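J.: got a predicted model here, sequence first, then my questions.
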Amino acid sequence: VVRELLAHPMVVDEVARTKSGLTHAHIAARGGVARQGVSPGRDLKEEEDRERHPGLYFWSFQELYHHGAAHAGGKQLETVELESFMQVEDENGKRILLSLQQAALLGSSKNAQGEVMLNAEAEGAAGGAGSCAEAALRATTHDAHAAACAAPCGNAHCGSRFAETWDEGATFHCFSCKRAIAQQRWAAERAAMEAVKQADAARAPPGAEREAQQVGRGVRVGWLKAFAARAVCKGLATWEVVGRVVKPGTEGYHRCRYVELPEMAGAVGRATVFVSHTWGARLADTVAAIAHVLDDDAFVWLDIFAVRQWPGNEADLDFQSLVRDTDALLLCAVHLDSVARLNLNHVDTRHVPDDALKMCAFFRVWCLVELVAALHNHKPVVLLIGTAQEEGGGAFLPNTSMCSNLYYMLDVRNASASVEADRVRILGEVERNGGGYAAVNTLARGAINGASLGMQVREVLMAACGNPGPLEALCSLQPVGERHVQALRAAAAFGFLRPLGRLIATGVGIESVENAERNRTALMGAADSGHARAVRMLIEAGANP
């Protein structure tokens, strides 16, 4: 392990690594390493500490992993948690700090003599499969990181070191500003991309087991709320969170998925709801929508954490099986004033504002893939449109003001994508295999109509997402009242058959229009949404067609 680490050119020498605002306690909490002599709780100011404590060293766990080794220049370093680290020296007396978690991620084990050896060597001796792919992944991601640090984005207003490809590695562009990156980085990025593919292929289990592995990458809603509340995420669009948190956090772990980070232990489990959203929306709005219909202990599949956010992640992009294996599709849409303000002429001509093409879920082709999967697998689609309240703990605030215009102007053929080839391919698949544009348009309009009538009725939405408890509590209330009628209309408009049947069984008035918008009955809502089975259920229960 020592020789492997010393082979890396990036070695941290006698340089203070403290950052303003961190306390010694914070370092300990983050699993960092520091030389003793700083009082707990005192703020570490970078310039001050360089003068007062020139021998102070701090390497965060990520820095240890990024650089492969921390060289202490022969000086004794004290660890915050000695049992979490091992200190070793090479032949020249250079001291290496290696966390046990880091050793595990590097792939180390002990042989019969108790000597530490890399898994690549151990598996090679035992004839194990996949060791070469893992070794290649370690080497190529390290080289790509070094190349990125040497040649970040050339845009003076950007400077990001993260790259993406739209053409399977033929070219690479800056993740943030989309400018082409320096060509001298392409070879390193392409090698890392291929290593990611090979590593995923080497460790991939058979089909059904692999799909179970994918749906097992859900994140706990309670953890998600705490993540979104972090200062670094406040006010940011989802793509910005990926660039500022997800990518930096996984870069040093061989470009792994965020859910595979050591810190995620206990926050990952089998997802029951698939979340469809746009990266242009604020992460806080998406998380508020999720919390509107799910308890803290529920698990959701959210791509920014479950998908490897690096080139070569094709193994993670089978969204159809994920929608099939979860209980519901939760579609989180951002409210757009530009759509709400459209006049009738624009609506009739299906004029789509530019920001809607970028931020509205129904005009993004990847959201269409997920809608088609829900259509094929008869999964409930829960659409929520709104924002997180600035006050009140970030609770979800539904907004129906654009629903009417969106309902009438919607045509999935107007959907856009960052890559034109993706748009053409996906729309072609929708037409050939998705039941045609008309079927997807009907499903989408049904979700919009349901949202306009039922976003406030959380009992129905939670039941559709796999938690029937609140709806059962409502149904047990006597006498049957207006809330039951609202729930009936919401279930009918969304086409949620089980909640609809449960509400009908309470004896609620099928024909009631009390306080209903435009005197619309539950049957009218189901018909407008195109839910034939809900229409049939209501007529059989006594609704007047």
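T.: Received it, and whenever you're ready, just let me know what you need. Computed from a prediction, not measured in an experiment: that's the story for all the values here.

J.: what's around the nearest residue to Trp223 once chain neighbours are set aside, how many residues?
T.: Distances taken as CB to CB, 6 or more residues apart in numbering place Ala267 nearest to Trp223, at 3.9 Å, with adjacent residues excluded. Heads up, the C-betas are built off the backbone N, CA and C, glycines and all. Using other CB atoms under 10 Å, Ala267 has 19 neighbouring residues.

J.: please apply the same query to Gln309.
T.: Neighbours of Gln309 using other CB under 10 Å come to 24.

J.: and what about it, helix, strand or coil?
T.: coil (DSSP: H, G, I helix; E, B strand; the rest coil).

J.: make 24 the first number, not 1, from now on.
T.: Okay, using 24 as the starting number, the last item reads as Gln332.

J.: that one against Lys270, yeah?
T.: Yes - with contact defined as CB atoms under 8 Å, Gln332 counts as touching Lys270 (5.8 Å).

J.: distance of the residue nearest to Trp246 relative to Arg202?
T.: 35 Å (CB to CB, to the nearest Å).

J.: go on, Arg184?
T.: 13 Å.

J.: what about those two, which has more around it?
T.: Comparing Arg184 with Arg202 by other CB under 10 Å, the one with more neighbours is Arg184, at 22 against 12.

J.: could you find the closest non-adjacent residue to the more buried one?
T.: Per CB to CB, 6+ apart, closest to Arg184 is Ala171, 3.9 Å.

J.: give me the phi and psi for the residue nearest to Trp246.
T.: phi -110, psi 0 (degrees, to the nearest 10).

J.: ok, it touching Arg243?
T.: Yes - counting by CB under 8 Å, a contact exists between Ala290 and Arg243, whose distance comes to 4.9 Å.

J.: picking up where we left off before, spit out the residues that contact Arg184 and Arg202 alike.
T.: Counting by CB atoms under 8 Å, 6 or more residues apart in numbering, the common neighbours of Arg184 and Arg202 are Cys176.

J.: residues of the longest helix belonging to the chain that come out buried?
T.: Longest helix in the chain, counting residues (DSSP state H): helix 154-173. Buried residues in helix 154-173, defined by neighbour count with 16 or more other CB atoms under 10 Å: 154, 156-168, 170-171.

J.: same question, stretch 514-531
T.: 514-520, 522-523, 525-527, 529, 531.

J.: what about that stretch, how long is it end to end?
T.: Its start and end residues considered, stretch 514-531 measures 13 Å (CA to CA, to the nearest Å).

J.: so for it, mean pLDDT?
T.: In this model, stretch 514-531 has an average pLDDT of 94.

J.: how about stretch 360-380?
T.: 78.

J.: do stretch 299-319 as well
T.: 94.

J.: mind saving the C-alpha coords of that stretch as CSV?
T.: Output in CSV follows, covering the C-alpha atoms of stretch 299-319 (Å, rounded to 0.1, in the frame of the first residue of the first chain):
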residue,chain,number,x,y,z
SER,A,299,-38.3,12.9,-12.0
HIS,A,300,-37.1,16.5,-12.0
THR,A,301,-35.1,19.0,-14.0
TRP,A,302,-31.6,20.1,-13.1
GLY,A,303,-32.5,23.7,-13.9
ALA,A,304,-34.8,23.8,-10.9
ARG,A,305,-33.6,24.7,-7.4
LEU,A,306,-32.7,21.6,-5.4
ALA,A,307,-34.6,23.1,-2.4
ASP,A,308,-37.8,23.1,-4.5
THR,A,309,-37.4,19.5,-5.5
VAL,A,310,-36.7,18.4,-1.9
ALA,A,311,-39.7,20.4,-0.6
ALA,A,312,-41.9,18.6,-3.1
ILE,A,313,-40.6,15.2,-2.0
ALA,A,314,-41.1,16.0,1.6
HIS,A,315,-44.7,17.1,0.8
VAL,A,316,-45.7,13.5,0.0
LEU,A,317,-43.2,11.3,1.9
ASP,A,318,-42.1,10.8,5.5
ASP,A,319,-38.5,11.2,6.6
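
J.: spit out the contact partners of Asn358.
T.: For residue 358 the amino acid is His, not Asn. Going by CB under 8 Å, 6+ apart, the list of residues near His358 reads Ile408, Gly409, Thr410, Asn422, Ser424, Met425.

J.: repeat that with 6 Å
T.: Going by CB atoms under 6 Å, 6 or more residues apart in numbering, His358 touches Ile408, Gly409, Asn422.

J.: contact partners of the strand or helix carrying Val483?
T.: Per DSSP states H and E, Val483 falls inside helix 481-487. Defining contact as CB under 6 Å, 6+ apart, one finds that helix 481-487 is touched by Val316, Ala351, Pro403, Val405, Pro493, Leu494, Leu497, Ala510, Ala513, Ala514, Phe519, Pro522.

J.: cutoff 8 Å now
T.: For helix 481-487, using CB under 8 Å, 6+ apart, the contacting residues are 315-317, 351, 403, 405, 407, 477-478, 491-494, 496-497, 510, 513-514, 517, 519, 521-522, 525.

J.: sorry, back to before: which of the buried residues of stretch 514-531 sits closest to Ala555?
T.: Closest approach between those and Ala555, by CB to CB: Gly518, at 8.9 Å.

J.: my guess is the closest one meets Val558, correct?
T.: No - Gly518 is beyond contact range of Val558, at 9.3 Å (criterion: CB under 8 Å).

J.: got any residues that touch both of the two?
T.: Counting by CB under 8 Å, 6+ apart, the residues touching both Gly518 and Val558 are Ala549.

J.: what lines up beside the biggest strand by length in the chain in the sheet?
T.: For the chain, the longest strand by residue count, based on DSSP state E, is strand 404-411. In the sheet, strand 404-411 lines up against strand 351-356 (parallel), strand 419-421 (antiparallel) (DSSP bridges).

J.: possible to save those strands as TSV with mean neighbour count and distance to Glu212?
T.: Output for the strands paired with strand 404-411, formatted as TSV (neighbours: other CB atoms under 10 Å; distance: least, CB to CB, whole Å):
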stretch	mean neighbour count	distance to Glu212
strand 351-356	26	31
strand 419-421	18	39
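
J.: those strands: which one's closest to Phe297?
T.: With CB to CB as the yardstick, what comes closest out of the strands paired with strand 404-411 is strand 351-356 (5.2 Å).

J.: quick one: the helix or strand just after the closest one to chain centroid distance?
T.: Following strand 351-356 in sequence order, the next helix or strand is helix 360-363 (DSSP H and E). Centroid displacement of helix 360-363 relative to its chain, using CA atoms, centre = their mean, to the nearest Å, is 27 Å.

J.: elements contacting helix 360-363?
T.: helix 377-382, helix 426-432 (3 or more CB pairs under 8 Å, 6 or more residues apart in numbering; DSSP states H and E).

J.: can you give me the buried ones in the helix or strand just after the last one?
T.: The C-terminal neighbour of helix 426-432 among helices and strands, as given by DSSP H and E, is helix 443-456. When neighbours are counted by 16+ other CB under 10 Å, the buried residues of helix 443-456 are found to be Arg446, Ile449, Leu450, Val453.

J.: average pLDDT for helix 443-456?
T.: 80.

J.: only C-alpha atoms, please: export that helix in CSV.
T.: Extracted in CSV, the C-alpha atoms of helix 443-456 (Å, rounded to 0.1, in the frame of the first residue of the first chain):
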residue,chain,number,x,y,z
GLU,A,443,-29.9,17.0,-30.1
ALA,A,444,-29.1,13.4,-30.9
ASP,A,445,-30.8,12.4,-27.5
ARG,A,446,-33.9,14.3,-28.4
VAL,A,447,-34.3,12.7,-31.8
ARG,A,448,-33.6,9.2,-30.5
ILE,A,449,-35.9,9.4,-27.5
LEU,A,450,-38.8,11.0,-29.4
GLY,A,451,-38.4,8.2,-32.0
GLU,A,452,-38.6,5.6,-29.2
VAL,A,453,-41.7,7.3,-27.7
GLU,A,454,-43.5,7.1,-31.1
ARG,A,455,-42.5,3.5,-31.8
ASN,A,456,-42.6,1.9,-28.4
